[in-house]
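In: what follows is a predicted protein model with its sequence.
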Amino acid sequence: MQSLRAQIKPHLALTLVNILLFNLVSISYFDYLPEGLNAFEWGYIAIATLGQMGLLAALVGLVSLPFSLIKSTVLRMLSTAAIFTAALVILYCDTQVFAQYRFHIQPVLIEMVLSGGIVEFSLANYLFAVMLVLLIFTLQLAAYWLILSRELTGLKTLGKYVSSVILLCMIATHVTHIWASANAVNSITNFSRFLPLFYPATANRLMLKYGLVNEAELAQQNRLKIDTSTNLAYPLSPVNYQPVTPPNILFIVIDSWRHDSFSAEITPNIWQYAQAGQIFKQHYSVGNATRAGIFGLFYGLPATYWQSFYRNHQSPLLMDRMLQLDYQMGIFSSAHLLKPEFDETVFVDVPNLRVRSKGETKPSRDIEITQEWLAWNKHKDPTRPAFSFLFYDSPHGYDFPEDYPHKFELQVPRMDYLSLSNDTDRLPILNRYNTSVHFNDSLIGKVLNQLKESGELANTLVVITGDHGQEINDNKLNFWGHNGNFTDAQIKVPFMMFGADLAPSVNQYFTDHMDLVPTLMQNYLGATGPVENYSAGYNLFKHDIDKRKWLILASYSDFALVNEDSILHVSAIQGGYQYMDRHNRPKEGKPDFKQVNQAYELMRRYLK
């Protein structure tokens, strides 16, 4: 028994060291707290962090406890240090994910990384990761060795003090959160998203029983929660069609295309062709991520419906109608269609679907889909209408061929997210990004030139847009990329339509991706009856488009209601919200709950 205690005591000491390390690493999350917190809110943040980080480190200590009983000192040190190292590395990685996206490591993010073709890392990133692991592992071994070489007097007392502090912090955290949840105190409940695996308690029913609830605020917050368990009612009733002679339709989508990177200088080919068609200058995606943007473009619905449509493997009505009209399908995507699961949603009924490109890099895959489309278009059946989809990916990785001749200078040699901070000069990064967009424009120019030279452009409706934007620290809040907030930098995209005898115009209406489906269905594919039967969008060619006063947008985990001067950012699971201005800074006052209720009704319209 004496020997057993002698082995466990060093392990307890190492756990106490890691409780300190976990708390130190977690300080990174505080960089993204809202401004203007009062003393009570800071007190809650402090006790919640101490309790949660202490709990996580203690759980790692419990998992690694059996390894402290290994007789061999060397094996005991190596195995225990390895477990604590893995936990600290994961926590550090989570802080980096949170810095970019303001959410924690999620299964969907891991799946996307492991699936390949979505997230790519440079050799420098891998070397940094190896060095980080080795450094933390060395520190853990050194700490363990120092502990083993010292007399651990007073450790039992210290352990009791630390355990008591952690326990008291956890109790205080949960009691405070129970009160805050029952009274919709968002400054407290919103902190839950800042710490990993942090699920503070609620007891709204109990609080309601004793009259300790702000019922009006709580009811409004509960209405903001999304229920994805209900079956679909899509369309609301069968859609009727009149006979049509459908045109060819081509969607060209550029991943992560910023609205200000559509210009004669950055996209000369697209710019030239767009002047002969309709340009929509105030156009938005339906989200800040690929899954949301593509969903809205094809379904004409808010991306909050994604899970329901995915679980039902429900094809969009737009694709159903084109297949009914015997359209030839040419789907060419640089990134694969497996994550997000477009093969099980948007293109679930497309026969012989091309799900993956062969190229090793984003530029090579973009070149590949261009060449394949040119060959496909040249040999398609001229007696049948054709729908094709080209999805380019280079701007998503700020990438282009090394020998690409047109570069915007000065620019960074590569995109390294780990080196970015709020003080990083954004211009060299923007120049690299714009070079990648210019590269995609050169490929798209080949597609458009073939349509023009063959005479097909007169019978082809071309739609060019982005799936979402790409922030390059536009709001000086250290956001680099997308899926992090709902400001214009991440949700506003270029949008244009030309060909098929469209008259040229420049539109300043407040439009979004949901509007494309009713426009195609009513003007080109013969749909009759009310648009509301199958879409939440407006027909872009009708004047009622100016009725829109707000947008519903979604990320992988949250959704937002955006109007001309505010952003209501809502946790889709908890219903808690942040009310901010259009630059993602806290806004005084309360949201327009009339608009919120309208949005809520829309998000349930197509569910049974």
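Out: Sure thing, it's come through.

In: show me what residue 387 is bridged to.
Out: residue 249, residue 329 (DSSP bridges).

In: what about it, neighbour count?
Out: Residue 387 has 23 neighbouring residues, counting by other C-beta atoms under 10 Å. The C-beta positions use only the backbone N, C-alpha and C, and glycine is treated the same way.

In: the one 10 residues further on now?
Out: Applying other C-beta under 10 Å, we find 21 residues neighbouring residue 397.

In: can you tell me the closest non-neighbouring residue to it?
Out: Excluding its sequence neighbours, the residue lying closest to residue 397 (C-beta to C-beta, 6 or more residues apart in numbering) is residue 362, at 4.9 Å.

In: what residues does that neighbour make contact with?
Out: By C-beta atoms under 8 Å, 6 or more residues apart in numbering, the contact set of residue 362 is 120, 334, 335, 393, 394, 396, 397, 399.

In: among those, which one lies nearest to residue 368?
Out: residue 334 (7.5 Å; C-beta to C-beta).

In: just to revisit the earlier point, distance of the residue nearest to residue 397 from residue 396?
Out: Residue 362 sits 7 Å away from residue 396, going by C-beta to C-beta, to the nearest Å.

In: now a PyMOL select for only the buried ones of the contacts of residue 362.
Out: Remark: buried members of these, expressed as a PyMOL selection using 16 or more other C-beta atoms under 10 Å:
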select buried, resi 334+335+393+394+396+397+399
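
In: got CSV for the contacts of residue 362, with pLDDT and secondary structure too?
Out: Formatted as CSV, those follow (pLDDT from 0 to 100; DSSP: H, G, I helix; E, B strand; the rest coil):
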residue, pLDDT, secondary structure
120, 63, coil
334, 97, coil
335, 93, coil
393, 97, coil
394, 97, helix
396, 95, helix
397, 93, helix
399, 96, coil
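
In: output the contacts of residue 362 as CSV; include the columns distance to residue 343.
Out: CSV is the format used below for the contacts of residue 362 (distance: C-beta to C-beta, whole Å):
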residue, distance to residue 343
120, 21
334, 15
335, 12
393, 17
394, 22
396, 19
397, 22
399, 24
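
In: closest to residue 346 among the contacts of residue 362?
Out: residue 335 (13.6 Å).

In: for that closest one, give me phi and psi.
Out: As for residue 335, its main-chain torsions (degrees, to the nearest 10) stand at phi -80, psi 150.

In: quick check, residue 297 in contact with residue 253.
Out: Yes. Shown here, residue 297 and residue 253 form a contact pair, counting by C-beta atoms under 8 Å, at 7.3 Å.

In: between these two, who's got more neighbours?
Out: Ranked by neighbour count (other C-beta under 10 Å), residue 297 and residue 253 place residue 297 first, with 28 against 21.

In: which non-adjacent residue is nearest the more buried one?
Out: When the adjacent residues along the chain are set aside, residue 297 lies closest to residue 513, with 4.6 Å between them (C-beta to C-beta, 6+ apart).

In: can you list residues touching both of residue 297 and residue 253?
Out: Joint contacts of residue 297 and residue 253 (C-beta under 8 Å, 6+ apart) are 465, 467.

In: what is in contact with residue 362 and residue 396 at once?
Out: Joint contacts of residue 362 and residue 396 (C-beta under 8 Å, 6+ apart) are residue 335.

In: show me the shaky parts of the stretch 101-250 of the chain.
Out: 101, 106-122, 152-155, 204-230 (pLDDT under 70).

In: buried set for stretch 450-466?
Out: Neighbour counts using 16+ other C-beta under 10 Å place 451, 456, 457, 459, 460, 461, 462, 463, 464, 465, 466 of stretch 450-466 among the buried residues.

In: ignore the last one, stretch 357-370
Out: 357, 359, 361, 362, 363, 365, 366, 367, 369, 370.

In: and the residue lying closest to the second one once chain neighbours are set aside, how far from residue 399?
Out: So that's residue 359. In space, and not counting its chain neighbours, residue 359 is closest to residue 365: 3.8 Å by C-beta to C-beta, 6+ apart. Look at residue 365 and residue 399: by C-beta to C-beta, they are 10 Å apart.

In: for residue 569, pull up the helix or strand it's in.
Out: Using DSSP states H and E, residue 569 sits in strand 567-571.

In: tell me which helix or strand comes right after that strand.
Out: strand 577-580.

In: what pLDDT, on average, does that following strand get?
Out: Average pLDDT, strand 577-580: 86.

In: avg pLDDT for the helix or strand just after that strand?
Out: The helix or strand immediately downstream of strand 577-580 is helix 593-604, counting by DSSP H and E. For helix 593-604, mean pLDDT is 84.

In: which strands and helices lie in contact with helix 593-604?
Out: Here helix 593-604 touches helix 215-223, strand 550-554, strand 558-563, going by 3 or more C-beta pairs under 8 Å, 6 or more residues apart in numbering; DSSP states H and E.

In: next secondary structure after the first one?
Out: Yep, that's helix 215-223 we're talking about. strand 240-241.

In: so what secondary structure elements neighbour that following strand?
Out: By 3+ C-beta pairs under 8 Å, 6+ apart, strand 240-241 packs against strand 527-528.

In: which residues does the strand it packs on contact?
Out: Applying C-beta under 8 Å, 6+ apart, the external contacts of strand 527-528 come out as 239, 240, 241, 242, 321, 518, 521, 522, 534.

In: in its sheet, what does that strand sit against?
Out: strand 240-241 (antiparallel).

In: residue nearest the centroid of the chain?
Out: Geometric centre of the chain, nearest residue: residue 483, 3.1 Å, by C-alpha atoms, centre = their mean.

In: pretty sure that residue is touching residue 291, no?
Out: No. At 9.3 Å, residue 483 and residue 291 do not qualify as touching, with contact defined as C-beta under 8 Å.

In: identify the contacts common to those two.
Out: residue 556.

In: what backbone torsions are found at residue 605?
Out: Torsion angles, degrees, to the nearest 10, at residue 605: phi -60, psi -40.

In: that one and residue 541, how far apart?
Out: Noted for residue 605: a distance of 23 Å to residue 541, by C-beta to C-beta.
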